[in-house]
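Undergrad: dropping a prediction and its sequence here:
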Amino acid sequence: MAKGKIRVLIGKPGLDGHDRGAKIIARALRDAGMEVVYTGLHRSPEEIVETAIQEDVDAIGLSILSGAHMTLFPRIMELLRAQSADDILLFGGGIIPDEDREFLLKQGVSEIFVPGGATQRTIEFLKRKFEDKVAKQEQASASS
C-alpha cells in the first residue's frame, strides 16, 4: 500500500447488473491518485466488507441502482460494526429517492451521490474526508 494514498473499494452489491457508473467513478478516483479496488458485479454485503478489510481501504463506495439501498447500506454498516471496522467510511450513489437518502445519511452513510453528478464532487468529498492523509502524500511527493 502506498503511504498517504486514499484507498477506496467500489462495490456493486446485490443483483443489479449495471456497472457503467461504478466503473466511471472507479476510473475517476484512480485518475485522481487514489488506489481503487473494484469488486465487480453481484457481490454480497459480506464479500464487500471482507474485501474492504483485507484490502485495508479507507472508504467503501456502493453503486446501487436496483432499489435495494434501504437493505444493502444498513447491512454493510452492520457488518462493518460487527468486524470493528466502522472506521471505514461508507458512501454511495445510485437511484435513491431524497427521503431515503436523508434516512441513510442519518443512519451513518457519509454521502449519497446521484446519477449525473460530476465525478469531481466525489473526488473532492473523499479528499476532504481524508485531508490529513492527502497532506502527508503531498508532503512526501514534494520532498522526493
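TA: Great, that's in hand.

Undergrad: every contact and neighbour count from this point should use C-alpha atoms.
TA: OK.

Undergrad: strands of this protein, residue ranges please.
TA: 7-11, 35-38, 59-64, 89-94, 111-113 (DSSP state E).

Undergrad: so what's K23 closest to, chain neighbours aside?
TA: Leaving aside its sequence neighbours, K23 sits nearest to Y38 (C-alpha to C-alpha, 6 or more residues apart in numbering; 8.0 Å).

Undergrad: show me the contacts for the most centrally placed residue in the chain.
TA: What sits nearest the mean C-alpha location of the chain, by C-alpha atoms, centre = their mean, is G61, with 1.8 Å. The contact partners of G61, taken as C-alpha atoms under 8 Å, 6 or more residues apart in numbering, are 8-11, 90-93.

Undergrad: how about a cut-off of 10 Å?
TA: By C-alpha atoms under 10 Å, 6 or more residues apart in numbering, the contact set of G61 is 8-12, 22, 25-26, 38, 89-93, 110-113, 122.

Undergrad: and the gap between the residue nearest to K23 and R128?
TA: 22 Å (C-alpha to C-alpha, to the nearest Å).

Undergrad: can you report how many residues neighbour R7?
TA: Under the neighbour criterion other C-alpha atoms under 10 Å, R7 is assigned a count of 23.

Undergrad: please apply the same query to S143.
TA: For S143, using other C-alpha under 10 Å, the count is 6.

Undergrad: if we can go back for a sec, now the contacts of G61: which count as buried?
TA: 8-12, 22, 25-26, 38, 89-93, 110-113, 122 (16 or more other C-alpha atoms under 10 Å).
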